[in-house]
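>>> 3D, please:
(one chain, ligands or ions: 1)
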Amino acid sequence: MKIDIVTIFPEFFGVLDVSLLGKARQAGIIDVGVHDLRDFTHDRHRTVDDTPYGGGAGMVMRPEPWGEALDAVVTPESVVVFPSPAGERFTQATARELALEPHLVFGCGRYEGIDQRVIDHAGSVARVREISLGDYVLNGGEVAVMAMIEAVGRLVPGVIGNAASLDEESHEGGLLEYPSYTKPAEWRGREVPPVLLSGNHGAIAAWRHEQQLERTRARRPDLLS
Ligand code: 6SD
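Numbering: from 1, shown residues only. The predicted structure follows:
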């Protein structure tokens, strides 16, 4: 999978060098290009923003550098993702869809956002999705893009050694994950639930499913309805 990121803060994405995604990049499974939006400006101050038409607080990202940056990376096969608090909600299903794509382009907004014509234009050359990580406001798209790349990248075949471990997690199967325990069997007076030490695989599976239901009812009843 090829991933291109356009941002005014390329240094944000240094963390993609570490951990599982870093290994996937070294192994050539995921190819990440980070592009500085300011490299597509032509003025002395490398200006990427201007005042909003119609008035109002803050600044809006100018279309010209965005147009040139997207011209350099987007092809008709790309899916272009703009993180936005006004976007469709990002879920595990979104991550699964994006993991099937050969090329993702992430456009990181800052300030009050990107001139709408950039998103409209991108939609005329490729598939575009405006996606929200959740109902809260970030200062820009970078942190949201990092989260999306981690969620998508780990679903790309070969990134996680033990693919079976993907199936039993929270949000796969519509329920939250059951609690996990490891040795020792007693720690600071707290015991591991005895069923997990019983060797009875049927009883363990039933207990884990009950825990999933109980947790989901208590924490995320919206997932059950
Ligand atoms: C100005 C952005 C881009 C500002 C965002 C996304 C979510 N879920 N919350 N906030 C966001 C994205 C905020 O550029």
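
>>> got the contact list for the nearest residue to residue 133 once chain neighbours are set aside?
In space, and not counting its chain neighbours, residue 133 is closest to residue 144: 4.4 Å by CB to CB, 6 or more residues apart in numbering. Where you see a C-beta, it was placed from the backbone N, CA and C, and this is true even at glycine. By CB atoms under 8 Å, 6 or more residues apart in numbering, the contact list for residue 144 reads 83, 90, 131-133, 138.

>>> Where does the closest residue to residue 110 other than its chain neighbours fall, secondary structure wise?
Distance criterion CB to CB, 6+ apart; nearest residue to residue 110, sequence neighbours excluded, is residue 140 at 4.2 Å. Counting by DSSP states H and E, no helix or strand carries residue 140.

>>> and residue 140, what does it touch?
Residue 140 neighbours (CB under 8 Å, 6+ apart): 9, 108-111.

>>> Where does the protein get nearest to the ligand, which residue?
residue 109 (3.0 Å; CB to the nearest ligand atom).

>>> Could you report the neighbour count for the closest residue to that residue other than its chain neighbours?
Closest residue to residue 109 apart from its sequence neighbours, by CB to CB, 6+ apart: residue 141 at 4.9 Å. Neighbour count for residue 141, taken as other CB atoms under 10 Å: 27.

>>> what do you get for residue 132?
What residue 132 shows, counting by other CB under 10 Å, is a neighbour count of 17.

>>> In the protein, spot the strand with the most residues.
Scanning the chain for the longest strand, with DSSP state E as the assignment, gives strand 79-89.

>>> So what touches the very next helix or strand once past it?
Next along the chain after strand 79-89, taking DSSP H and E as the criterion, comes helix 92-99. The contact list for helix 92-99, computed with CB under 8 Å, 6+ apart, reads 1, 79, 81, 88, 104, 131, 148, 151-153, 155-156, 171-172.

>>> Take these and write them to TSV, including secondary structure.
Converted to TSV, those look like this (DSSP: H, G, I helix; E, B strand; the rest coil):
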residue	secondary structure
1	coil
79	strand
81	strand
88	strand
104	strand
131	strand
148	helix
151	helix
152	helix
153	helix
155	coil
156	coil
171	coil
172	coil
